[in-house]
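K.L.:
Got a sequence here, can you build the structure:
(chains A and B)
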Amino acid sequence: MAAVDFEHRVAFNPMSEAEASRVIGVAKRRDFLFAILGVFVLVLSMGMLTALIVDLLVDGLARIDYDFLTSFPSRRPAQAGILSAWVGTSLVMLTTALIAIPLGIMAGIYLEEYAPRNWVTDIIEINVSNLAGVPSIIYGLLALGLFVYTLGLGRTVLTAGLVLALLILPVVIVATREAVRSIPLIIREGAYGMGADKWQVIWHYILPAARPGILTGAIVGLSRAIGETAPVLTIGALTFIAFLPPSPVQPEFPFLNFDWLTSPFTVMPIQMFNWISRPQEAFHINAAATGLVLIAMTLTMNAVAIWIRYRLRSQARS
Amino acid sequence: MPEAIMNQETYRQSEFARASDPSVAAGSRPNAISDTLKADVRGLSFWYDQFQALKNIDLPIAEKKVTALIGASGCGKSTLLRCFNRMHDLYPGNRYDGEIVLLPENQNIVDKGIDPIRVRLKAGMVFQKPNPFPKSIFENVASGLRVRGIRDRAVIAGRVEEVLREAALWDEVKDRLDQSAYALSGGQQQRLCIARTLAPEPELILLDEPTSALDPIATAKIEELIEKLRDHYAIVIVTHSMQQAARISAYCAFMHLGQLVEFGTNETIFTSPKEKRTQDYITGRFG
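P.N.:
Here you go, the predicted structure:
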């Protein structure tokens, strides 16, 4: 190392007190301005959302009562209810979850852990991300052509569950991949280092650790699916249904009944869409009330997910 | 397989020669030692894709002794250690040449025909940073047994207690075995990882800088533990601490740029190294 030449170095005076105050002052002002901007943006966006919900509450809250939840739709707004709509939504979401979550997790794990790194895999990966951006009505058209006409599944709960499952599959796949990828390398190497085979590593070490992330993705997907109108409308969900699908559980053996899968149905967004397009003001109030129930269902789903995630985390860390 | 038979023959001969006259054995192959061998690295080279990280390494690993690998960062000592349990097979593009023969079964564990899982079941590894699994303390220690398909609860519970005692951790954790391993301190976590490695009774224990993330007190405890274990297991340790290598190892190998510069007993390396580079490194003049 060459010795520093103290004789000929560039003159550099230490900063004066006043100069330091000025530099710090500029930095602090910049921080403050950015924070103000952030708060402004936050208040604006949250304010709009709050206004929306408050508007729904003002219009619809008074309309929600026991009768509203347990009545079928009717020509008279005061007697109309959303029984068939919320039951339909629940059954369709159940179908969607049962199809999309296992398939999405399996696909995500395959892509992350098993797929060879070649151009076929690259194409699949690009397509998965692109599918997440395809407009939902396109999925509706696909379902109409494939599920309803070609496969002859009809305008049923099963068809709706399938199309919404397709719609959210990319979300679940991407979330699974992210969650699996975020497992620290040392955990993975530790498991392999014990002599675990690939299946054991994935099943006993990676999946349990990735569960919170996968769950988040699944819920985000389902929250999107619950509000979807276009694809369900495209496959021809009915807007006026005065009966319920057969119950999934029955008192006789084998206690589970799958006839509901092939039953016609309606869902809450469609019920809302139908009511909002009527001229009578009273139906608009019904629509607002339905919207509130829909939001409540989504929030409940999110709350359950947060609770499960919290449980999983404290199990692992406590 | 004539080659395998020949290797076996050569091994028997050299073993015989060594037993009768150590000086003959010392001349017959590089880096010969008078102890019983647990493993023998013969002409091992290793490539990360195009980059050759290990160059023709010859290194005996003595049974029930500690062999320390020392050298500056990037010299290939961790790479060499990770060959012993085929960790490199997890990533594409890595290539071995030469042999690591595990004894007495006389099996070349870097042979392509041998499943890396089979090798890892025999050679347990402890990593630089404590890496307990996000499970309970009990389950962490039991994991190696479960991987081997052991289901009998009594057997597992018995073995868990046994190795936690061996790892000098039992008294600290016996009342909270079902708590998460993350609740332990760093030093305790590392002893837990050592217990986890001991549980399935490995033939070879690989320690990859096991104390580099720990404070001096926790380090002292781990060293104490290694001193206890070395009477029962063949241990290979990679360490950056010269003092640690001097304290706990029976044999020491100094590596530089992928080559084994010098190998010898602890005494030779630390008091009268033959190579100038070894001397410079252990006295702190470079690295």
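
K.L.:
Dihedrals phi and psi, B:Leu54?
P.N.:
Note on B:Leu54: its backbone torsions stand at phi -130, psi 140 [degrees, to the nearest 10].

K.L.:
give the contact list for it.
P.N.:
Taking CB atoms under 8 Å, 6 or more residues apart in numbering or on different chains, we find B:Leu54 in contact with B:Leu44, B:Ser45, B:Phe46, B:Gly76, B:Thr79, B:Leu80, B:Cys83, B:Gly258. (Each C-beta comes from the backbone N, C-alpha and C, glycine too.)

K.L.:
Just give the closest residue to the residue most central in space within chain A, not the sequence neighbours.
P.N.:
Nearest to the centroid of the C-alpha atoms of chain A, with distances taken as CA atoms, centre = their mean, sits A:Val220, at 1.7 Å. Nearest non-adjacent residue to A:Val220, counting by CB to CB, 6 or more residues apart in numbering or on different chains: A:Val171, 6.0 Å away.

K.L.:
re earlier: tell me which other helices or strands the host helix or strand of the residue nearest to the centre of chain A touches.
P.N.:
Applying DSSP states H and E as the criterion places A:Val220 in helix A:207-227. Counting contacts by 3 or more CB pairs under 8 Å, 6 or more residues apart in numbering or on different chains; DSSP states H and E, helix A:207-227 packs against helix A:83-109, helix A:157-181, helix A:281-317.

K.L.:
need these in a markdown table with mean neighbour count, can you?
P.N.:
Formatted as a markdown table, those follow (neighbours: other CB atoms under 10 Å in any protein chain shown):
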| stretch | mean neighbour count |
| --- | --- |
| helix A:83-109 | 21 |
| helix A:157-181 | 24 |
| helix A:281-317 | 16 |
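
K.L.:
okay if I get those as a markdown table plus mean pLDDT?
P.N.:
Below are the helices and strands packed on helix A:207-227 laid out as a markdown table (pLDDT from 0 to 100):
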| stretch | mean pLDDT |
| --- | --- |
| helix A:83-109 | 91 |
| helix A:157-181 | 92 |
| helix A:281-317 | 83 |
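
K.L.:
B:Ile205 is nearest to which of those helices?
P.N.:
With CB to CB as the measure, helix A:281-317 is the member of the helices and strands packed on helix A:207-227 nearest B:Ile205 (27.4 Å).

K.L.:
Go through stretch A:139-157 and flag the buried ones.
P.N.:
A:Tyr139, A:Gly140, A:Leu142, A:Ala143, A:Leu144, A:Phe147, A:Val148, A:Leu153, A:Gly154, A:Arg155, A:Thr156, A:Val157 (16 or more other CB atoms under 10 Å in any protein chain shown).

K.L.:
Which one of those residues is nearest to A:Arg181?
P.N.:
The closest of these to A:Arg181 turns out to be A:Tyr139 (CB to CB; 27.0 Å).

K.L.:
Surely the closest one and A:Leu167 touch.
P.N.:
Yes: if you go by CB atoms under 8 Å, A:Tyr139 and A:Leu167 touch, sitting 5.0 Å apart.

K.L.:
if we can go back for a sec, quick check: ChimeraX command selecting the buried ones in the contacts of B:Leu54.
P.N.:
Listed next is the ChimeraX selection for buried residues among the contacts of B:Leu54, using 16+ other CB under 10 Å:
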select /B:44,46,76,79,80,83,258
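
K.L.:
In JSON lines, list the contacts of B:Leu54 along with pLDDT.
P.N.:
As requested, the contacts of B:Leu54 are exported to JSON lines (pLDDT from 0 to 100):
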{"residue": "B:Leu44", "pLDDT": "94"}
{"residue": "B:Ser45", "pLDDT": "94"}
{"residue": "B:Phe46", "pLDDT": "94"}
{"residue": "B:Gly76", "pLDDT": "92"}
{"residue": "B:Thr79", "pLDDT": "94"}
{"residue": "B:Leu80", "pLDDT": "95"}
{"residue": "B:Cys83", "pLDDT": "94"}
{"residue": "B:Gly258", "pLDDT": "92"}
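
K.L.:
who's in contact with the closest residue to B:Ser212 other than its chain neighbours?
P.N.:
Spatially, and ignoring its direct neighbours in sequence, B:Ser212 is nearest to B:Gln128 (5.6 Å; CB to CB, 6+ apart). Taking CB under 8 Å, 6+ apart as the contact definition, B:Gln128 lies against B:Asp208, B:Glu209, B:Pro210, B:Ser212, B:Ala213.

K.L.:
Could you pick out the buried ones from these?
P.N.:
B:Asp208, B:Glu209, B:Pro210, B:Ala213.

K.L.:
Looking at the residues you listed, which is nearest chain A?
P.N.:
B:Asp208 (9.7 Å; CB to the nearest CB).

K.L.:
ok, the closest one touching B:Phe127?
P.N.:
Yes: using CB under 8 Å, B:Asp208 is in contact with B:Phe127, at 5.5 Å.

K.L.:
Which of the three states applies to B:Arg42?
P.N.:
strand (DSSP: H, G, I helix; E, B strand; the rest coil).

K.L.:
who's in contact with it?
P.N.:
B:Asp58, B:Gly98, B:Glu99, B:Ile100, B:Val101.

K.L.:
neighbour-wise, which of those residues leads?
P.N.:
B:Ile100 (26 neighbours; other CB atoms under 10 Å in any protein chain shown).

K.L.:
Thank you, goodbye.
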